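Give the three-dimensional model of this entry:
(one chain, ligands or ions: 1)
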Amino acid sequence: MIVPIANVLDAETLGKIRELLEQGTFIDGRQTAGWHARQVKNNAQLQSGETARQASALIHQALARSAVFNAAVRPRHIRPMLFSQYSGGQDYGAHVDDALMGSGESLTRSDVSLTVFLGDAESYDGGELVIEGTGGEQSFKLDAGSVITYPSNTLHYVAPVTSGTREVAVTWVQSLVRDPAHREMLFDLDTARRSLFQREGKSREFDLISKTHANLLRQWAET
Ligand code: NI
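The predicted structure is shown next:
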């Protein structure tokens, strides 16, 4: 399930992040890619440190406030954000994200990958995030403050940026619900029961869907 979510970051948060990024140092993105992704990764990335930590925390806080993000992803652990810039023809060729990231206490299984768009779609050409699926490729280029979440088990790439600069933050989430199909069923049930509640309040039908939603979550969640 690929879920684009608009307006996760408001203008104020975007402004703060942009200020932080201006203070930071960008280095060759190959340094944080896995050994095979390194061959196709061609971008600049904010050096880790206090600036990156502060900018990452702002996005984590915004994600925590997003009801849609929480219902779609069911985060157990969200890794620190990586901030990337693509310009002058840079791209990130087809790759699959590492299944395990970090080590020790911070060891994370990547279930969901996410991209946060920090600049407006009109401010650069190219730079689409393209996700391969059984039905073909799907291409995404969202406005500043929007987030796209997609299963980490896909092949995906970033098309070359032919003018302007593509600024994004990316990270990976270990979900409480490992199976993407289970996550989708929970998300659909949750969406349906919320819309039912809007329409008719706390009806008998709402209670029964809520019960099933809670019981499936109880069955599938790994805490
Ligand atoms: Ni990737």
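
C-alpha from now on. contacts and neighbour counts both.
OK.

per-domain residue ranges of this structure.
3-175, 180-220 (automatic domain parsing).

What's the end-to-end length of the first one?
This means domain 3-175. Domain 3-175 has an end-to-end distance of 15 Å (C-alpha to C-alpha, to the nearest Å).

which SS state does Ala214 fall under?
helix (DSSP: H, G, I helix; E, B strand; the rest coil).

Distance of it relative to Phe69?
Distance, Ala214 to Phe69, using C-alpha to C-alpha: 18 Å.

So which of these two has more stuff around it?
A count of neighbours by other C-alpha atoms under 10 Å puts Phe69 above the other of Ala214 and Phe69, at 21 against 14.

Show me what counts as buried in the helix or strand containing that one.
For Phe69, the element it lies in under DSSP states H and E is helix 67-73. Buried residues in helix 67-73, counting neighbours by 16 or more other C-alpha atoms under 10 Å, are found at Val68, Phe69, Ala71, Ala72, Val73.

biggest helix in this protein, by residue count?
helix 180-200 (DSSP state H).

which residues touch the residue nearest the centre of the chain?
Closest to where the C-alpha atoms of the chain average out (C-alpha atoms, centre = their mean) is Leu114, at 1.5 Å. Contact partners of Leu114, counting by C-alpha atoms under 8 Å, 6 or more residues apart in numbering, are Val147, Ile148, Thr149, Tyr150, Val170, Thr171, Trp172, Val173.

Mind putting the residues you listed into JSON lines with distance to Gly119, secondary structure and pLDDT?
Output for the contacts of Leu114, formatted as JSON lines (distance: C-alpha to C-alpha, whole Å; DSSP: H, G, I helix; E, B strand; the rest coil; pLDDT from 0 to 100):
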{"residue": "Val147", "distance to Gly119": "12", "secondary structure": "strand", "pLDDT": "98"}
{"residue": "Ile148", "distance to Gly119": "14", "secondary structure": "strand", "pLDDT": "98"}
{"residue": "Thr149", "distance to Gly119": "17", "secondary structure": "strand", "pLDDT": "98"}
{"residue": "Tyr150", "distance to Gly119": "20", "secondary structure": "strand", "pLDDT": "97"}
{"residue": "Val170", "distance to Gly119": "14", "secondary structure": "strand", "pLDDT": "97"}
{"residue": "Thr171", "distance to Gly119": "17", "secondary structure": "strand", "pLDDT": "98"}
{"residue": "Trp172", "distance to Gly119": "20", "secondary structure": "strand", "pLDDT": "98"}
{"residue": "Val173", "distance to Gly119": "23", "secondary structure": "strand", "pLDDT": "98"}
